[in-house]
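> Model the structure of this input:
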Amino acid sequence: MLVSTWSILQNLTISLSFLSFTLVLVPLPFMLQGWNVGGILYVVWSAILCLNQFINMVVWRNDAINRSPVWCDISIRLSYIGSLGIISAGMVLARRI
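Modelled structure (predicted):
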């Protein structure tokens, strides 16, 4: 029972991270049209982090074998820079208001 519950949670996390990646990109054309730089940055960084989560969940689904060490380095740097990028986008949005 524990294995099936864990696989259901994994599948749910994978599908929700991809769904959030696609839904975050929906308002992007409106923000591009309005030249809202803070909103554009916020959407782009959020989409990058959701895609990063999706790829990590797919690559390391059932084990922790390091199949692509280069992706580990890229993923870690995306996580660090993404958190700073979202904070910076929020500051740009606050300044514009």
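> What is the top helix by length along the chain packed up against?
Counting by DSSP state H, the longest helix found in the chain is helix 69-96. In terms of contacts (3 or more C-beta pairs under 8 Å, 6 or more residues apart in numbering; DSSP states H and E), helix 69-96 is packed against helix 37-59. Where C-beta positions appear, they are placed from N, C-alpha and C, glycine not excepted.
> Could you double-check that Thr13 sits in contact with Asn56?
No - Thr13 is beyond contact range of Asn56, at 10.2 Å (criterion: C-beta atoms under 8 Å).
> hmm, who's touching the helix or strand encompassing Asn11?
Using DSSP states H and E, Asn11 falls within helix 2-24. With contacts defined as C-beta atoms under 8 Å, 6 or more residues apart in numbering, helix 2-24 is touched by Val43, Ser46, Ala47, Cys50, Leu51, Gln53, Phe54, Met57, Val58, Arg61.
> at 6 Å what do you get?
By C-beta atoms under 6 Å, 6 or more residues apart in numbering, the residues outside helix 2-24 that reach it are Val43, Ser46, Ala47, Cys50, Leu51, Gln53, Phe54, Met57.
> And the residues you listed, which is closest to Ile74?
Leu51 (11.7 Å; C-beta to C-beta).
> Give the full set of residues in contact with that closest one.
Counted by C-beta under 6 Å, 6+ apart, Leu51 has contacts Phe21.
> Arg95 versus that one, what's the distance?
Distance, Leu51 to Arg95, using C-beta to C-beta, to the nearest Å: 27 Å.
> Please report how far Gly82 lies from Asn62.
Gly82 is 26 Å from Asn62, by C-beta to C-beta.
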